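Chemist: Give the three-dimensional model of this entry:
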Amino acid sequence: MPITPATTMHEAPDSTTEAILLELVDEEGTTIGTAEKLSAHQPPGRLHRAFSVFLFDERGRLLLQQRALGKYHSPGVWSNTCCGHPYPGESPFAAAARRTYEELGVSPALLGEAGTVRYNHPDPDSGLVEQEFNHLFVGLVRSPLRPDPEEVGATAFVTPQELAERHAEHPFSAWFMTVLDAARPAVKELTGPAAGW
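Modeler: Predicted structure coming up:
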């Protein structure tokens, strides 16, 4: 797994319209157009590009975030470190680094590609559908977090055992286990066997 220092420009596109458009893709992940964010998530959903980030501390614990209660999609649930959608024409790597900084106020110390996964997850609470071609990233976080309260309700660093306990007791995003399972080979390579992932 190639690991790259995560550097990015923390600037939004000039056009406010561009910020709410998603890249539509085919089953191979090739861009075929764009769609407005909310419409892409309306049933039955339109396949679009997304990313998911899994950051770990020096002890091999996974950083989880609880999505803010004000979010229109999956509010209040726990999920991976960061997830979202690239702007049209933005690389998934750049989007992952940018969005991690915007949501958590920290840039990953290292960030590496961990493959892709395609899934279809309806959200029973909102009625929205996640039809996503998701680019996965794993990395390290070494700086103090400064979460944006509009995006993040809470954060927690967890071991595999603590994750299992939290997952049994609290609601998690519909996509969480799918993306975590897909990223596990890269997670194990990053954290080492002692971490237990």
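Chemist: Would you mark the buried spots in stretch 154-171?
Modeler: 157, 158, 163, 167 (16 or more other C-beta atoms under 10 Å). (C-beta placed from N, C-alpha, C; glycine too.)
Chemist: in this protein, which spans are helices?
Modeler: 16-19, 37-40, 92-104, 160-169, 176-191 (DSSP state H).
Chemist: What does the pLDDT read for residue 42?
Modeler: What the model reports for residue 42 is a pLDDT of 94.
Chemist: Hmm, residue 129 and it touching each other?
Modeler: Yes: counting by C-beta atoms under 8 Å, residue 42 does reach residue 129; the two are 7.2 Å apart.
Chemist: The two: which is more packed in?
Modeler: residue 129 (18 against 13; other C-beta atoms under 10 Å).
Chemist: Could you check how far the residue nearest to residue 100 when sequence neighbours are not counted is from residue 93?
Modeler: The shortest distance from residue 100 to any non-neighbouring residue, by C-beta to C-beta, 6 or more residues apart in numbering, is to residue 82 (4.5 Å). Distance of residue 82 to residue 93, computed by C-beta to C-beta, to the nearest Å: 13 Å.
Chemist: likewise residue 154?
Modeler: 27 Å.
Chemist: One more: residue 147?
Modeler: For residue 147 relative to residue 93 (C-beta to C-beta), the value is 22 Å.
Chemist: what residues are up against the residue most central in space within the chain?
Modeler: Computing the C-alpha centroid of the chain and ranking residues by C-alpha atoms, centre = their mean puts residue 83 first, at 1.9 Å. Listed by C-beta atoms under 8 Å, 6 or more residues apart in numbering, the contact set of residue 83 reads 50, 51, 52, 53, 99, 134, 173, 175, 179.
Chemist: With respect to residue 68, which of the residues you listed is nearest?
Modeler: Taking C-beta to C-beta as the measure, residue 68 lies nearest residue 173 of the contacts of residue 83, at 12.9 Å.
Chemist: Distance-wise, check that closest one relative to residue 179.
Modeler: In terms of C-beta to C-beta, residue 173 sits 9 Å off from residue 179.
Chemist: What degree of burial does residue 188 show, as a neighbour count?
Modeler: 15.
Chemist: From residue 33, how far out is it?
Modeler: 36 Å.
Chemist: one step back: the helices of the chain: which one's closest to residue 116?
Modeler: Of all the helices of the chain, helix 176-191 comes closest under C-beta to C-beta, at 7.8 Å.
Chemist: and the angle for the closest one with helix 160-169?
Modeler: For helix 176-191 against helix 160-169, the angle by axes from the mean of the first three to the mean of the last three C-alpha atoms, to 10 degrees is 170 degrees.
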